[in-house]
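Visitor: Provided below are the primary sequence and the corresponding predicted coordinates.
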Amino acid sequence: MTTADLARAAADALSERTGGAAHDVALVMGSGWLPAADALGTPDHEIALADLPGFSAPAVAGHGGTVRSVQVGERRALVFLGRTHFYEGKGVAAVVHGVRTAAAAGVRTVVLTNGCGGLDPRWAPGTPVLISDHINLTATSPIEGANFVDLTDLYSSRLRALCREVDPSLDEGVYVQFPGPHYETPAEIGMVRAIGGTLVGMSTTLEAIAAREAGLEVLGLSLVTNLAAGISGEPLNHEEVLEAGKAAASRMGALLADVIPR
Ligand SMILES: Nc1nc2[nH]c(I)nc2c(=O)[nH]1
């Protein structure tokens, strides 16, 4: 079964479970973003991803692992709680299966959120940053074959302007995806700075490329949950990182609830 066939099968299964509802937008809620999903409203349907073709159970039990169908203003949203990370070793196709399923289900826009490290000391833990562009350091691509997809304006300037209408204080950053699961060394963060990156994470870029290949408009939103390695001089602690994300994510839920219906 090709990746497209699997996405079609998953979209058909979703349609069956949501009464054939037409969805306009998909959101992928990353680490620490689960509380933001609740701000989007009560779902009409919530389906375990493991029940859908091509998806697996969440890497960490209890951390997401479902997809919601929820009405947000005039739009109907597919909200993926959690994602498959590249570092799980399930392959790139598994990492981007959610985005491809959403595209097969007919959505035109995808919002990719993540928790990440920040290189700008002004961005305290809990600061949301719009992704203006990315640097993919995974040395791979979800695209197979001689399909030379253009990635200019990959992170829609139109959607970023819309977000800034809602919250003019939003900064922008260049997101760098490392394979992970280890964090960066201070020397690697020095390299990121030298190549123009300001956010570091372990997700998002491969999903964004697959979204563009599928013709979707992409909005990327990072939640800085820690200062990148070597900036604060403190070691990175994943639990603190998730705590900071949770505290800020409900504010981000309000932003998403304002932007999605537009
Ligand atoms: N690569 C990378 N990923 C992250 N995810 C989170 I939350 N914080 C970080 C970080 O500092 N570096």
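Guide: Yep, that arrived. These numbers were taken from a predicted model, which means no experiment stands behind them.
Visitor: from now on I want contacts and neighbour counts done on CA atoms only, so please keep to that.
Guide: Will do.
Visitor: what residues does the stretch 151-262 of the chain put near the ligand?
Guide: 178, 183, 200-202, 225-226, 228, 241 (CA under 6 Å from any ligand atom).
Visitor: could I get the residues you listed as JSON lines with secondary structure, pLDDT and neighbour count?
Guide: What follows is those, written out as JSON lines (DSSP: H, G, I helix; E, B strand; the rest coil; pLDDT from 0 to 100; neighbours: other CA atoms under 10 Å):
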{"residue": "Phe178", "secondary structure": "coil", "pLDDT": "98", "neighbour count": "21"}
{"residue": "Tyr183", "secondary structure": "coil", "pLDDT": "94", "neighbour count": "18"}
{"residue": "Val200", "secondary structure": "strand", "pLDDT": "98", "neighbour count": "29"}
{"residue": "Gly201", "secondary structure": "strand", "pLDDT": "98", "neighbour count": "23"}
{"residue": "Met202", "secondary structure": "coil", "pLDDT": "97", "neighbour count": "25"}
{"residue": "Thr225", "secondary structure": "strand", "pLDDT": "87", "neighbour count": "29"}
{"residue": "Asn226", "secondary structure": "strand", "pLDDT": "86", "neighbour count": "28"}
{"residue": "Ala228", "secondary structure": "coil", "pLDDT": "89", "neighbour count": "29"}
{"residue": "Val241", "secondary structure": "helix", "pLDDT": "66", "neighbour count": "21"}
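Visitor: give the helix, strand or coil label for Pro181.
Guide: When classified by DSSP: H, G, I helix; E, B strand; the rest coil, Pro181 comes out as coil.
Visitor: the closest residue to it other than its chain neighbours: neighbour count?
Guide: Leaving out its chain neighbours, the residue that sits closest to Pro181 by CA to CA, 6 or more residues apart in numbering is Tyr87, at 5.6 Å. Tyr87: 17 surrounding residues under other CA atoms under 10 Å.
Visitor: what do you get for Gly145?
Guide: Gly145 has 5 nearby residues by other CA under 10 Å.
Visitor: got the contact list for it?
Guide: Contacts for Gly145 (CA atoms under 8 Å, 6 or more residues apart in numbering) come out as none.
Visitor: name the SS class of it, please.
Guide: Gly145 is classified as coil under three-state DSSP.
Visitor: strands of the chain, residue ranges please.
Guide: Per DSSP state E, the chain carries strands over the ranges 25-29, 45-48, 66-72, 75-81, 109-118, 127-136, 171-177, 199-201, 217-227.
Visitor: what lines up beside the second one in the sheet?
Guide: Here strand 45-48 is paired, per DSSP bridges, with strand 66-72 (antiparallel).
Visitor: render the CA-only coordinates of the partner strand in CSV, please.
Guide: Taking Å, rounded to 0.1, in the frame of the first residue of the first chain, the C-alpha atoms of strand 66-72 are listed here in CSV:
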residue,chain,number,x,y,z
THR,A,66,-6.3,10.9,19.6
VAL,A,67,-7.8,13.1,16.9
ARG,A,68,-10.7,15.4,17.5
SER,A,69,-13.4,16.7,15.2
VAL,A,70,-14.4,20.1,16.5
GLN,A,71,-16.4,23.1,15.1
VAL,A,72,-14.4,26.3,15.5
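Visitor: mind checking how far the residue lying closest to Leu40 once chain neighbours are set aside is from the ligand?
Guide: The spatially closest residue to Leu40, leaving aside those adjacent along the chain, is Ala257, at 5.3 Å (CA to CA, 6+ apart). Relative to the ligand, Ala257 is positioned 22 Å away (CA to the nearest ligand atom, to the nearest Å).
Visitor: how near is Ala257 to Pro142?
Guide: 30 Å (CA to CA, to the nearest Å).
Visitor: which residues touch the residue nearest to Leu40?
Guide: Taking CA under 8 Å, 6+ apart as the test, what Ala257 contacts is 39-40, 72.
Visitor: need the contact list for the residue nearest in space to the middle of the chain.
Guide: Centroid-nearest residue in the chain, with CA atoms, centre = their mean: Leu112, separated by 2.8 Å. Leu112 makes contact with 27-30, 204, 207-208, 218-221 under the criterion CA under 8 Å, 6+ apart.
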